[in-house]
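Q: Build me a model from this:
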Amino acid sequence: MIHLYSVLFFAASLAWVFYFSQRYSGTGRKDAGVAFTAGVLSAPVAGVISYFLQTGFMGEEPLAGDGFHLYQFILYFFIVGPVEEGIKFLAFFLVVIRNLRVKKTHEAILLGIATALGFAGAENILYLYAYGWQLTLPRLILGNLGHAGYAVFWAYGMGAHLTENAPYHLIWAGLLAASILHGMYNYFLSFSYSYAVVSFLTFAWVTFFMFRFLRVEVHRR
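A: Next up is the predicted model:
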């Protein structure tokens with residue numbers, strides 16, 4: 001049964017790629033497929049790097065108290081967020097931007113989203129085997145759209161740099177914003193239900209911003 005869930009959960013991420021490709025013009029299915037595959041391959045790399053950074057530099061996780069809060073803060077804001085966003089961006093840059101022609105900024109955003117959805121799809125499978133389908137089920141929306149939303153920031157920076165000669169530091173600003181939002185979501189989700197409200201509000205804002213920003217960019221030129 002777990003293998004059937006794996007297929008369904010992975011198909012859900014592909015369905016989101018299909019949705020964005022159909023809803024917003026600017027990227028073909030083949031190009032989106034390349035980006036998605038890049039994201040899939042990047043997920044295990046990010047996981048291994050995060051694991052070694054956590055175990056090598058942070059030691060055992062405190063069970064409670066202020067130490068637990070500090071541990072989680074450092075873990076999510078300085079390891080998980082930056083590593084996952086950085087590896088997603090690297091996959092986007094090396095496999096997508098250097099092999100596909102991007103003529104408009106929103107095309108880069110859509111390819112960044114496809115990369116992020118590939119990452120989320122692979123990550124969902126890992127969560128499925130680790131925690132079961134019940135705990136992984138919310139990630140079909142939260143995980144997929146969350147990763148896609150973070151990607152908008154650095155993908156826009158790269159797209160604007162390539163197509164509009166925007167300064168390259170816009171890319172670093174996008175990576176920083178994505179890392180902070182990613183870390184914020186994970187950090188508050190690791191505590192009680194009351195703290196989790198902050199995570200869901202962060203997710204809601206990121207998702208709203210993604211759809212709104214895409215609409216503006218598609219019609220801008």
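Q: the bottom helix or strand of the protein by mean pLDDT?
A: Sorted by mean pLDDT, DSSP states H and E, the helices and strands of the chain end with helix 66-74, the least confident at a mean of 86.
Q: where exactly do the helices run in this protein?
A: If DSSP state H is used as the criterion, the helices of the chain fall at 2-23, 29-57, 66-74, 81-91, 105-131, 133-136, 142-164, 169-189, 193-220.
Q: just how off-centre is the first one within its chain?
A: To tie it back to what came earlier, the one meant is helix 2-23. The chain centroid and the centroid of helix 2-23 are separated by 15 Å under CA atoms, centre = their mean, to the nearest Å.
Q: Report all helices and strands that that helix contacts.
A: Applying 3 or more CB pairs under 8 Å, 6 or more residues apart in numbering; DSSP states H and E, one finds that helix 2-23 makes contact with helix 29-57, helix 105-131, helix 133-136, helix 142-164. The C-beta positions use only the backbone N, C-alpha and C, and glycine is treated the same way.
Q: What residues sit buried inside the longest one?
A: Buried positions in helix 29-57, judged by neighbour count with 16 or more other CB atoms under 10 Å: 31-32, 34-40, 42-43, 45-47, 50, 53-54.
Q: Please apply the same query to the third one.
A: For helix 133-136, the neighbour count (16+ other CB under 10 Å) marks 133, 136 as buried.
Q: ok now do the residue nearest to the spatial centre of the chain, which residues does it touch?
A: The C-alpha lying nearest the average C-alpha coordinate of the chain belongs to His147 (CA atoms, centre = their mean; 2.5 Å). Remark: with contacts taken as CB atoms under 8 Å, 6 or more residues apart in numbering, His147 is in contact with 88, 116-117, 119-120, 123.
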